[in-house]
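Student: quick check, what structure comes out for this input:
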Amino acid sequence: MKFPHLNPSRLSKLLLAPLLISAFWGSMVNPQAGMARQSFANSQASLAQSCNFTDWVAGKQYYTGNIVRYNGNYYVAEHDNPGYDPTVSTWYWEPTSCGGGGGGGGSCSYTDWVAGRQYYTGNIVRYNGSFYVAEHDNPGYDPTISTWFWEPTTCGGTNPPPPTPTPPPSTCNYSDWVAGRQYYTGNIVRYNGSFYVAEHDNPGYDPTISTWFWEPTTCGGTNPPPTTGFSSIVSKAQFDQMFPNRNPFYTYEGLVQAAAFYPAFAGTGSTETRKREAAAALANFAHETGNFVHVTEIAQGEYCQNSAQWPCAPGKRYFGRGPIQLSWNYNYGLAGQALGLNLLNDPDLVSRDPAVAWKTALWYWMTQRGPGLMTPHDAMVNGNGFGETIRSINGSLECNGGNPGQVQSRVSSYQTITNILGVSPGNNLYC
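Tutor: Coordinates of the predicted model:
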């Protein structure tokens with residue numbers, strides 16, 4: 001597949017740039033931003049009642065979501081811990097509000113989550129019956145997408161019961177994990193009744209933090225067969241069958257690693273829904289890259305938009321890279337922030353590291369709406385159909401009769417992939 005000098009996908013980005021950047025600048029250049037932040041805080045405070053807390057006790061076991069009072073301030077446990085000082089680390093404790101006095105039941109200060117509303121660190125929202133606290137400022141991302149932006153929390157409920165560890169087999173003699181102890185690649189530990197093998201040396205990081213440092217394993221030291229995650233939906237053999245002539249850069253292993261960063265991707269709903277979402281994402285990514293042939297855009301312009309928040313680095317160009325052909329400095333900045341990577345100063349990382357490339361594509365898929373009404377992820381898991389994913393990626397140029405040939409190309413690819421995965425494509429294929 002040959003790409004023209006300036007394809008419709010690039011034109012879409014050019015047309016959308018002013019709209020996107022104005023949205024991203026909103027809280028920075030709008031003189032009302034501070035007032036908006038205060039207004040939101042006031043609206044939360046007006047709902048405050050006394051939450052369920054106890055006074056912090058050193059050495060007492062606390063579990064995720066527990067709320068304590070310490071030196072007159074309140075803290076919510078972000079992770080289980082054996083009574084660490086609440087001011088020591090935000091990994092274990094985060095400051096929170098707890099309106100009113102006393103430790104009786106009640107509800108904390110929250111509002112129902114609204115897509116697209118600006119939230120600030122510490123805001124608490126209710127979403128699908130659960131509560132989440134904002135870990136970082138964000139423009140209304142789905143609370144289940146990434147723990148970088150949201151963490152589950154309690155809101156006036158009772159403390160969650162301690163986990164019941166599964167007794168290890170009698171042949172297991174691996175040591176219990178100890179926070180802060182040095183571990184080396186290959187070490188196996190027991191944590192909350194499960195076993196983990198160190199993938200890389202680390203200074204005692206929690207085994208559930210990242211699959212870069214720890215991977216679940218069995219007591220015998222072998223990885224259990226996959227029952228969840230992307231690899232249980234699309235096997236390597238199926239991926240090779242879908243894209244036999246792809247560029248070697250687009251590795252299956254990199255895709256699996258990226259999917260682990262966004263566990264809701266191809267991990268939400270029934271097996272049928274999960275397969276359809278995987279197929280939809282791969283079909284759209286394949287369309288953007290000439291069936292995974294192109295790693296970088298052919299017309300390698302600067303794609304630098306004036307931005308106080310995401311200024312272009314000297315000598316760097318932000319042309320399309322990776323499965324979604326990530327373009328423009330502000331998109332590199334936003335994606336890098338979400339992934340914990342400095343992509344603004346090193347945009348070439350997207351074309352050097354397969355896992356990073358796949359992560360940027362999934363970042364867009366899970367969090368961005370483009371010209372559409374919803375994220376591509378939401379379109380698939382909520383049953384809106386493949387056509388809505390096209391609208392969210394390039395709908396301004398392709399949908400509503402704009403370019404039926406491009407739409408048909410995406411749909412045909414999607415139908416081929418769903419056939420390989422053994423699932424029907426569902427309804428609403430076109431836009």
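
Student: can you report how many residues lie near Ala299?
Tutor: 13 (other CB atoms under 10 Å). Using the backbone N, CA and C atoms, a C-beta is placed for each residue, glycine as well.

Student: also Gly83?
Tutor: So Gly83, with other CB under 10 Å, has 14 neighbours.

Student: one more: the one 4 residues further on?
Tutor: For Thr87, the number of neighbouring residues by other CB under 10 Å comes to 12.

Student: ok, the one 3 residues further on next?
Tutor: Each residue near Thr90 was counted by other CB under 10 Å, and the total is 12.

Student: that one touches Glu78, doesn't it?
Tutor: Yes. Between Thr90 and Glu78 there is a contact at 7.1 Å, judged by CB atoms under 8 Å.

Student: ok, Tyr250 - contacts?
Tutor: 243, 289, 292, 295, 323, 354, 357-358 (CB atoms under 8 Å, 6 or more residues apart in numbering).

Student: hmm, which of those residues is lowest in pLDDT?
Tutor: Minimum pLDDT across those is recorded for Pro354, with 92.

Student: enumerate every residue touching the closest residue to that one other than its chain neighbours.
Tutor: Nearest residue to Pro354 in three dimensions, chain neighbours excluded: Gly254, at 3.2 Å (CB to CB, 6 or more residues apart in numbering). For Gly254, the contact set (CB under 8 Å, 6+ apart) comprises 353-355, 357-358.

Student: which secondary structure element contains Asn419?
Tutor: Counting by DSSP states H and E, the element that carries Asn419 is helix 404-421.

Student: pLDDT on that helix, on average?
Tutor: On average, helix 404-421 scores 96.

Student: all helices of the stretch 101-250 of the chain, in order?
Tutor: Shown for the stretch 101-250 of the chain, the helices assigned by DSSP state H, counting those that start in this stretch span residues 236-242.

Student: low pLDDT regions in it?
Tutor: 101-109, 145-146, 156-173, 209-211, 219-228 (pLDDT under 70).

Student: and the strands in it?
Tutor: 111-112, 124-127, 130-134, 150-153, 188-191, 194-198, 214-217 (DSSP state E, counting those that start in this stretch).

Student: against which helices or strands is the fourth one packed?
Tutor: Using 3 or more CB pairs under 8 Å, 6 or more residues apart in numbering; DSSP states H and E as the contact definition, the elements that strand 150-153 packs against are strand 130-134.

Student: so what touches stretch 260-271?
Tutor: So stretch 260-271 is contacted by 144-146, 211, 228-230, 233-234, 259, 274-275, 277-278, 281, 339, 359, 362-363, 365-366, 377, 381 (CB under 8 Å, 6+ apart).

Student: and that stretch, how far apart are its ends?
Tutor: 17 Å (CA to CA, to the nearest Å).

Student: cool, stretch 72-88 as well?
Tutor: End-to-end distance of stretch 72-88 (CA to CA): 16 Å.

Student: show me the contact partners of that stretch.
Tutor: Stretch 72-88 is contacted from outside by 51, 53, 56-68, 70, 90-98, 133, 151, 153-154, 163, 192, 206, using CB under 8 Å, 6+ apart.

Student: about what we covered before: from the contacts of stretch 260-271, list the buried ones, please.
Tutor: Neighbour counting by 16 or more other CB atoms under 10 Å classes 144-146, 211, 229-230, 233-234, 259, 274-275, 277-278, 281, 339, 359, 362-363, 365-366, 377, 381 among the contacts of stretch 260-271 as buried.

Student: let me see the contact set for Phe249.
Tutor: 295, 351, 354, 357.

Student: on the pLDDT front, check Glu297 for me.
Tutor: Here the pLDDT value assigned to Glu297 is 91.

Student: my read is that it contacts Gly320, right?
Tutor: Yes. Using CB under 8 Å, Glu297 makes contact with Gly320 at a distance of 3.4 Å.

Student: neighbour count: the two, which is higher?
Tutor: Gly320 (28 against 24).

Student: quick check: that one touching Ser327?
Tutor: Yes. Shown here, Gly320 and Ser327 form a contact pair, counting by CB under 8 Å, at 4.6 Å.

Student: hmm, who's touching stretch 138-152?
Tutor: 23-24, 64-65, 78, 94, 113-119, 125, 127, 130-136, 261-262, 264, 338, 340, 366-367, 375, 377-378.

Student: one more pass at 6 Å, please.
Tutor: 78, 113, 115-119, 127, 132-133, 135-136, 264, 338, 366-367 (CB atoms under 6 Å, 6 or more residues apart in numbering).
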